[in-house]
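**Student:** turn this into a model:
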Amino acid sequence: MFAELSITSNFTFLTGASHPEEYMERAATLGLSAIAIADTNSVAGIVRAWSEAKNLTRQLRERAGLEAKNGPIGPPVPDHITHQRAQILSHVPHLIPAAKIVTDTGFTATALATNRQGWAQLCRLITTGRRRAPKGACHLTLDDLLGCQDGLHWLLHPAQQAPSSQGSAGDWLSQAHRLARRFAGHSHLLISPRYDGQDQEYFTQIAHLAQSLNMPTLASALPIMHHGRRRKLADVVTAIRQGCRVDALGTRAQANGEQRLRSDMDMRHILGPHADAVDRATQLADTCTFDLGDLRYEYPSEVTGAETAPQRLSRLAHEGLKWRYPHGASDKVKKLLQHELTLIGKLRYEPYFLTVRDIVAFARERGILCQGRGSAANSVVCYCLGVTSVSPEIGTMVFERFVSEARDEPPDIDVDFEHERREEVIQHIYDRYGRHRAGLCATVIHYRGKRAIREVGSAMGLSQDTIGALSSQLWEFFSTNGLEEQRMREIGLDPTDHRLKLTMELIFEIIGFPRHLSQHVGGFIITEGRLDELVPIENATMEDRTVICWDKDDIDALGILKVDVLSLGMLSCIRKSFDLLKLHHNQTHTLATLPPEDPAVYDMLCKADSIGVFQVESRAQMNFLPRMKPRTFYDLVIEVAIIRPGPIQGDMVHPYIRRRNGEEEVSFPSDELGTVLGKTLGVPLFQEQAMQIAIVGAGFTPEQADRLRRSLATFKKHGNVSEFRALFLRGMRNKGYDEDFANRCFSQIEGFGSYGFPESHAASFALLVYASAWIKHHHPGIFACALLNSQPMGFYAPAQIVRDAREHGVTVRPVCINTSFWDNVMEPDETGGLALRLGFRQIKGLSEEDAQWIAAGRGNGYQSVQDLWRRAGLDPATITRLAEADVFRNISLTRRAALWEAKALTTRKTLPLFDGDIDGEAIHEPAAHLPAMTEGEQVVEDYVALRLTLRHHPVALLRHILTPGPSHKPKAYVSTTKPYTPPMPLPFTRANPD
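**Tutor:** Next comes the predicted model:
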């Protein structure tokens with residue numbers, strides 16, 4: 001049977017019109033023996049096709065097993081296999097890894113990896129071209145191709161111009177001769193139809209050209225779509241790529257829907273006398289034995305000298321045991337440690353834990369606060385290695401749930417670092433392992449509602465008004481296809497309009513298509529050998545970042561280790577808080593040594609006093625805290641996990657609260673589910689519980705449960721967790737569970753399909769909740785200072801943070817030219833306590849470099865605006881910005897007076913040797929009598945310059961207008977010596993000294 005060896009998928013972005021999975025399924029339907037996904041200078045889509053091949057193979061095996069048991073199968077068939085597919089599929093085509101290599105001169109050849117060495121050569125070739133070019137481009141020459149070793153077979157694409165013509169075709173011919181000589185016996189010339197009515201004459205020309213090159217021809221349809229019905233979408237993506245409308249494509253549009261995946265019979269009929277090229281494609285495919293499943297990923301050994309990985313891990317873990325438990329660990333902890341080390345050793349995961357430990361150790365040496373989380377992070381081993389600060393004695397998580405012999409994959413550990421210093425860790429990983437051994441994972445950016453509407457609508461020629469209306473009003477209904485016509489009528493559009501109707505069809509069709517590659521937020525792939533022989537490496541947009549072309553789903557499918565090096569703003573805030581506590585109170589704290597279970601901290605949280613506190617500062621969490629009434633650390637674990645889409649969508653929140661408050665009896669659907677749901681009062685709240693319910697309650701096999709777990713990925717692009725619904729509900733029904741409970745359980749699982757939250761992550765986050773709440777309660781000024789210095793982060797703007805601090809009794813002082821620094825600082829107040837001095841970072845538009853110059857030239861203090869100008873060397877525009885922020889108040893300069901002097905600086909071209917003296921004669925200007933600014937003007941200027949004010953709240957100035965009846969004196973946040981007088985009609989305009 002025919003083997004199609006040069007397929008362009010939609011991972012040749014905005015060119016291919018079909019998913020790799022669709023090609024694989026269609027090839028199985030057509031009965032092809034093999035296919036090669038060959039995207040342009042990329043192998044980004046190959047794993048998708050390989051995973052689909054595995055899926056189809058599994059389905060065939062399931063069908064074969066059912067047939068062996070029950071005889072020939074008719075309906076019904078397994079829920080996730082349609083009867084039509086079960087009848088059609090009789091075998092799964094072999095996937096040949098390949099790439100279409102296009103050089104800078106346009107010379108094109110499809111490279112097939114015939115063995116593991118060939119795959120390594122292909123990856124290094126693409127890496128070479130990608131590393132030379134900016135993100136998204138690839139610069140390769142023919143010499144790069146000729147430098148490849150054995151293991152690749154080359155399929156040459158004929159030049160677009162007629163072979164006999166001059167110019168570029170002549171250049172192509174000379175390059176083709178060089179490649180044919182270099183890879184004699186390992187190259188073919190592609191012969192493919194052009195569907196222009198002159199194919200037979202063209203085939204004859206190609207055959208003669210192949211004879212002159214001394215290489216055989218090989219048949220390919222060069223498909224860009226799996227089925228002809230994708231022709232319209234192929235034109236749309238071409239129009240998006242070209243930046244024009246579909247009706248302006250001209251000859252760039254598809255003339256027909258023929259450039260599609262074709263069967264053996266089709267190809268023989270089209271090629272006619274040249275059909276022997278079809279046989280050669282099949283013969284070549286038989287020699288390509290390499291399979292992506294043959295890739296063997298090797299963990300970095302992480303050892304030196306004679307010490308083995310198990311020995312080093314055991315040594316570090318026992319050293320950490322003494323560090324974590326200075327007064328001696330309990331027998332329970334010692335047994336858990338030994339048990340975990342034994343299981344890790346049996347599965348040979350020691351290098352994984354050592355890799356994570358070494359990264360964390362580097363961060364700790366640099367004083368970078370970090371916290372591990374993930375499936376295996378909440379273990380005694382990780383606690384002793386310093387990866388996490390969550391005590392393993394908290395909760396009832398079982399190590400085997402994450403690291404077990406049943407799961408043939410490495411455990412998952414994510415490490416969060418301070419968001420301001422994570423780049424140091426990333427560059428350390430590159431330096432330590434080398435860019436040929438380490439790279440960030442990719443993230444495939446897919447078409448979703450709004451982008452699809454904007455780009456497809458523009459390509460189809462819709463007006464910008466129509467696109468804007470659709471984008472703002474309709475995109476959210478894409479998850480419930482069927483409501484869009486009603487919604488279009490509501491916004492004044494005619495859903496029966498032909499162009500609009502066709503546009504909507506294409507929008508729905510392009511949803512889920514890959515748009516381009518981006519870099520993962522922090523997933524690192526680290527190898528013992530060369531990473532660029534496992535997968536190509538390319539430059540990221542961000543400087544000094546290199547990434548691979550596979551995303552997390554791809555590497556999960558291949559069983560490749562990923563270490564997530566993530567960032568978290570709250571870690572920056574907590575570390576800065578610890579530094580301030582050390583500086584001002586001589587208190588040394590870490591996440592693991594904070595006083596545990598402080599009742600006063602829980603009292604504060606029960607009152608929803610949580611502005612700025614990690615994870616519980618949202619309005620939803622603040623509304624839930626008084627109902628939850630957390631009193632223990634595990635209550636915080638539940639608090640973090642419960643206000644999320646999974647439990648909310650599954651209607652698990654209210655039952656849990658009723659049971660917790662004694663309003664409803666705690667009951668379990670069965671004893672076996674009681675062991676799963678006991679600690680959450682019979683209500684499933686965590687991702688692990690959802691998986692256990694599937695196994696225990698619905699009778700899922702471990703493999704099915706693992707597939708369900710994988711389908712819970714955030715923003716899943718292909719497939720849906722709902723495909724398991726019938727299987728899940730039937731399993732629950734067969735075991736006697738209430739249908740309503742089963743539906744609610746599955747609704748919760750579907751919620752995890754968007755935002756899954758496992759218990760291990762909740763425990764790690766709960767520790768940060770407690771730490772930030774403890775600091776806020778005991779040291780509100782320091783917490784506010786650290787929070788302001790860690791912006792931007794969280795829900796609240798600096799104005800709200802400052803307001804909350806003042807309500808907690810913190811004295812907040814304004815930005816001052818003589819006492820402020822770039823960061824906000826704590827300084828002694830008149831009562832022996834600490835006051836929060838706002839820093840220059842609060843001034844909008846002021847750079848840190850300018851703030852450093854101000855501090856460096858300050859000496860004993862600035863006396864005037866001109867003094868600042870001379871000594872700090874700032875430009876007049878920066879001094880004007882400072883004046884607008886009212887930083888000269890402590891040297892008796894009002895905002896307008898300072899602005900007046902700052903404006904005068906703009907007339908000076910050079911710094912005078914003697915201020916105010918020219919030719920020995922002083923210049924005296926009459927004093928300018930500037931009108932005083934009203935309180936309203938001051939407040940407005942504060943918000944413009946600082947985005948906050950320490951004066952009255954803006955509403956306080958309007959309260960006498962807003963409140964009917966007797967006028968009320970506005971309440972100020974700070975006491976004032978002068979009585980407040982309501983201003984005249986408020987001129988809320990910018991101050992103008994002119």
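**Student:** buried ones in the helix or strand harbouring Leu470, by neighbour count?
**Tutor:** Following DSSP states H and E, one finds Leu470 within helix 464-473. Buried residues in helix 464-473, defined by neighbour count with 16 or more other C-beta atoms under 10 Å: Thr466, Ile467, Ala469, Leu470, Ser471, Gln473. Yep, even glycine has a C-beta here, placed from its N, CA and C like the rest.
**Student:** return the closest of those with respect to Arg744.
**Tutor:** Looking at the buried residues of helix 464-473 and their distance to Arg744, the nearest is Gln473, at 31.4 Å (C-beta to C-beta).
**Student:** that closest one reaches Arg489, doesn't it?
**Tutor:** No: applying C-beta atoms under 8 Å as the test, Gln473 and Arg489 come out as separate, 11.2 Å apart.
**Student:** got the contact list for the nearest residue to Phe11 once chain neighbours are set aside?
**Tutor:** Excluding the flanking residues, the one nearest Phe11 by C-beta to C-beta, 6 or more residues apart in numbering is Gly45, at 3.1 Å. With contact set as C-beta atoms under 8 Å, 6 or more residues apart in numbering, Gly45 has these partners: Ser9, Asn10, Phe11, His19, Pro20, Ile37, Asp39, Pro514.
**Student:** what about the fifth one, neighbour count?
**Tutor:** The burial count assigned to Pro20 is 28, neighbours taken as other C-beta atoms under 10 Å.
**Student:** and it, what pLDDT?
**Tutor:** Model confidence at Pro20, given as pLDDT, is 96.
**Student:** pull the helix or strand with minimum mean pLDDT from this protein.
**Tutor:** Lowest by mean pLDDT, DSSP states H and E among the helices and strands of the chain is helix 83-88, with a mean of 44.
**Student:** sheet partners, orientation included, of the next helix or strand after it?
**Tutor:** Scanning forward in sequence from helix 83-88 by DSSP H and E, the next helix or strand is strand 94-95. Partner strands for strand 94-95, per DSSP bridges, with pairing direction: strand 34-37 (parallel).
**Student:** centre of the chain to the helix or strand harbouring Cys123, how far?
**Tutor:** With secondary structure defined by DSSP H and E, Cys123 is part of helix 116-132. In terms of C-alpha atoms, centre = their mean, to the nearest Å, the gap separating the centre of helix 116-132 from the centre of its chain is 26 Å.
**Student:** over to stretch 436-446?
**Tutor:** When C-alpha coordinates are averaged (C-alpha atoms, centre = their mean), stretch 436-446 and its chain have centres 11 Å apart.
**Student:** poorly predicted segments of the stretch 251-400 of the chain, please.
**Tutor:** Low-confidence segments of the stretch 251-400 of the chain, defined by pLDDT under 70, span residues 375-377, 393-400.
**Student:** what do you get if the cut-off is 50, keeping everything else the same?
**Tutor:** Screening the stretch 251-400 of the chain residue by residue with the criterion pLDDT under 50, one finds the ranges 395-397, 400.
**Student:** the helices in it, which residues?
**Tutor:** 264-271, 276-287, 309-324, 331-347, 350-365, 380-385 (DSSP state H, counting those that start in this stretch).
**Student:** and the next element down the chain from the last one?
**Tutor:** On the C-terminal side of helix 380-385, the closest following helix or strand by DSSP H and E is strand 414-418.
**Student:** partners of that following strand in the sheet?
**Tutor:** Here strand 414-418 has these sheet partners by DSSP bridges: strand 370-373 (antiparallel), strand 563-568 (parallel).
**Student:** stretch 491-503: end-to-end distance?
**Tutor:** The first and last residues of stretch 491-503 sit 17 Å apart, counting by C-alpha to C-alpha, to the nearest Å.
**Student:** give me the buried positions along stretch 111-123.
**Tutor:** Of the residues in stretch 111-123, those with enough neighbours to count as buried (16+ other C-beta under 10 Å) are Ala111, Leu112, Ala113, Thr114, Asn115, Arg116, Gly118, Trp119, Ala120, Gln121, Leu122, Cys123.
**Student:** which ones are touching the first one?
**Tutor:** Spelled out, it's Ala111. Applying C-beta under 8 Å, 6+ apart to Ala111 gives the contacts Ala38, Ala98, Ala99, Lys100, Ile101, Leu122, Leu125, Cys148, Leu152, His153, Trp154, Leu155.
**Student:** now the phi/psi pair for the last one, please.
**Tutor:** The phi/psi pair for Leu155 (degrees, to the nearest 10) reads phi -110, psi 110.
**Student:** which residues does it bridge with?
**Tutor:** Following DSSP bridges, Leu155 is listed with bridge partners Thr110, His188.
**Student:** confirm for me that it is in contact with Ile7.
**Tutor:** No: look at Leu155 against Ile7 with C-beta under 8 Å: they stay out of range, at 11.7 Å.
**Student:** ranges for the strands of the stretch 801-950 of the chain?
**Tutor:** With DSSP state E, counting those that start in this stretch, the ranges of strands along the stretch 801-950 of the chain come out as 811-813, 825-828, 834-837, 917-918, 921-922.
**Student:** how about those strands in CSV, adding distance to Phe353, mean neighbour count and mean pLDDT?
**Tutor:** Converted to CSV, these look like this (distance: least, C-beta to C-beta, whole Å; neighbours: other C-beta atoms under 10 Å; pLDDT from 0 to 100):
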stretch, distance to Phe353, mean neighbour count, mean pLDDT
strand 811-813, 46, 19, 94
strand 825-828, 39, 16, 94
strand 834-837, 42, 20, 95
strand 917-918, 73, 10, 48
strand 921-922, 76, 8, 49
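**Student:** which one of the ones you listed lies closest to Leu140?
**Tutor:** Closest to Leu140 of the strands of the stretch 801-950 of the chain, according to C-beta to C-beta: strand 825-828, at 54.4 Å.
**Student:** quick one: contacts of the closest one?
**Tutor:** Taking C-beta under 8 Å, 6+ apart as the criterion, the residues outside strand 825-828 that touch it are Leu580, His584, Gly781, Ile782, Cys785, Arg813, Thr819, Leu834, Ala835, Leu836, Arg837, Gly839.
**Student:** since that was my last question, I'll sign off now.
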